[in-house]
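Enquirer: Structure, please.
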Amino acid sequence: MLTIPSPNTDRTLLTIAELRAAAGVSGTSRDTELTALGGYIGAVIASACGVARVGAIPPTLRLESVVETFYCGGTHSRDALQLARLPVAAITTVTESTSTLSAADYQLDGTMLYRMSSTRRSCWHFGPVVVAYNAGWAVVPDDLKYAAIKFVQSALVQGGRDPMLKRKVTVGVSEYEWWVDPSKDSVVPAEVMDILNMAGYVNRWAWI
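Expert: Predicted structure coming up:
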């Protein structure tokens, strides 16, 4: 179970200056449009990356404090706890049953949290285990910005035409024909998705 005590209200991946540059405009005349577009694209990228949702709180790739509860014990002992958000910036506290563990009692490897017994990995036997941690980016990495920029540029180009329009006949009576790629299951441009995948922003565990 994942909760977010204090949601991060800044979910933007690009500054307004970066949005203007991506759109090839100077001045502030399109700031309202670009700000909204940046918000939409940040939300779509977060969803495409498999960022875990919590109720009605929009998912974000930006840094956010979260609390995740795991129920272990009896036949539900676990070798490791798979944290839902990535990247894990810092573990704040880990509470096993009613005991707060020290940093020596657990080990983080990527998004996998292990119980330590001396210098050896053990199992999580006692539940619930409550993990408070920070996940996401305080500063948006350059490759993530680049993915967002390419998405903005694609959205602006597509906004000027119907991308599904395959043929248009204007002789006599107008005739239109639309084409849909049966292999396309995402609104995220393939180039953008490639960047996100290669850079490791997609949470593989979200789709298992």
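Enquirer: State the number of residues packed around Val157.
Expert: 11 (other C-beta atoms under 10 Å). Where C-beta positions appear, they are placed from N, C-alpha and C, glycine not excepted.
Enquirer: In a helix, it, correct?
Expert: Yes: applying DSSP: H, G, I helix; E, B strand; the rest coil, one finds Val157 inside a helix.
Enquirer: do you know how far it is from Ala17?
Expert: 21 Å (C-beta to C-beta, to the nearest Å).
Enquirer: hmm, who's touching stretch 30-44?
Expert: 11-14, 16, 19-20, 23, 25, 58-61, 148, 151-152, 155-156, 187-188 (C-beta atoms under 8 Å, 6 or more residues apart in numbering).
Enquirer: That one: how far from the chain's middle?
Expert: Stretch 30-44 sits 16 Å away from the centroid of its parent chain (C-alpha atoms, centre = their mean, to the nearest Å).
Enquirer: Spell out which residues make up each domain of the chain.
Expert: 2-61+138-207, 64-135 (automatic domain parsing).
Enquirer: Could you list every helix and strand that the longest strand along the chain packs against?
Expert: Counting residues, the longest strand in the chain under DSSP state E turns out to be strand 88-96. Judged by 3 or more C-beta pairs under 8 Å, 6 or more residues apart in numbering; DSSP states H and E, strand 88-96 is in contact with strand 106-109, strand 112-117, strand 129-135.
Enquirer: Show me what it pairs with in its sheet, parallel or antiparallel.
Expert: Applying DSSP bridges, strand 88-96 is found paired with strand 99-100 (antiparallel), strand 129-135 (antiparallel).
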